[in-house]
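Engineer: Give me a model of this one.
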Amino acid sequence: MPFFSQHNFPVLWELFQYWIGGTTDKRRLSLRKYNGQKRVLEVGCSVGNLARAFQSFPEISYTGIDIDSTAIRRAQKKYDHVPQFRFVCKDLRDFSESEERFDYIVLAGVCHHVEDSSLRRMMHAARHMLSEKGSLIVVDFLIPRLEDSWFLKLFWKIDQGRFPRDEEQMEKFLRNLDGLHLSEVEMDFVGCTPFSWPLCARFGIYTLGSKVMSVPLG
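Structural biologist: This next block holds a predicted model:
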């Protein structure tokens, strides 16, 4: 684990992410496909950076999970006045053993920290928790294109993600998940400051849903 992390310095990490890490635009992208779903699950919620994006929806029931207990304690303290928000320190695969189902599951900035086999298991667990017509949204950092600016390439090099994927790799991975159907792919840019400037990262936004299984006739 890097020395400067959400675990070692949760408050400083939160401030760093807000002022330099693109939190404002990540919140925007996390809501890109949101259309009023009631039961929301954020996987890898960290200290609650993105949770604030959902706070303006009074009818929502929001759950954030993360395996980092220090980050979860920070998130719980921040949102202890919001009764419809809860934060759970648990692995997604263990959490999926419950009977809970969610209408909107989002993984924002998580995938490039997880290698393929573990990520496949996480997506399978998320699929298990998805309601019948629910949406699974993946928002993630992509390896810059050759034509992208030097600043995007520099920002990518200092990111802590150990398992980077480019656009083709990410889409191929998501199209080959059992029980899930990739229905939409979009690209957008994230600015590193609250003012959405300068642009620092290329992000993919992927919409998945439960795959409809055909039933043989006769």
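
Engineer: And what about W13, helix, strand or coil?
Structural biologist: helix (DSSP: H, G, I helix; E, B strand; the rest coil).

Engineer: The closest residue to it other than its chain neighbours: which element?
Structural biologist: Closest residue in space to W13, ignoring its immediate chain neighbours: Q6 at 4.5 Å, by C-beta to C-beta, 6 or more residues apart in numbering. For every residue, glycine as well, the C-beta is placed using N, CA and C. Using DSSP states H and E, Q6 sits in no helix or strand.

Engineer: Now tell me what touches stretch 42-54 from outside.
Structural biologist: 6, 10-11, 13-14, 17-18, 23, 26-28, 30-31, 34, 40, 60, 62-66, 68, 71-72, 74-75, 78-79, 85, 87, 92, 105-110, 113, 122, 126 (C-beta atoms under 8 Å, 6 or more residues apart in numbering).

Engineer: What's the PyMOL syntax to select whichever of the residues you listed are buried?
Structural biologist: Listed next is the PyMOL selection for buried residues among the contacts of stretch 42-54, using 16 or more other C-beta atoms under 10 Å:
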select buried, resi 6+10+13+14+17+23+26+27+28+30+31+34+40+60+62+63+64+65+66+68+71+72+74+75+78+79+85+87+92+105+106+107+108+109+110+113+122+126
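
Engineer: so what's the residue nearest to W13 up against?
Structural biologist: Contacts for Q6 (C-beta under 8 Å, 6+ apart) come out as 13-14, 46-47, 68, 70-71, 74.

Engineer: Do you have the strands of this structure handy? List them.
Structural biologist: Secondary structure of the chain, counting by DSSP state E: strands at 39-43, 61-66, 85-89, 102-108, 130-142, 180-191, 199-210.

Engineer: so where's this structure uncertain?
Structural biologist: Within the chain, the segments meeting pLDDT under 70 span 1, 212-218.

Engineer: Try it again at 80.
Structural biologist: Applying pLDDT under 80 to the chain flags the ranges 1-4, 160, 212-218.

Engineer: report the longest helix in it, please.
Structural biologist: Ranked by residue count, the top helix of the chain under DSSP state H comes out as helix 116-129.

Engineer: mind checking how far that helix is from the chain centre?
Structural biologist: Relative to its parent chain, helix 116-129 has a centroid offset of 13 Å by C-alpha atoms, centre = their mean, to the nearest Å.
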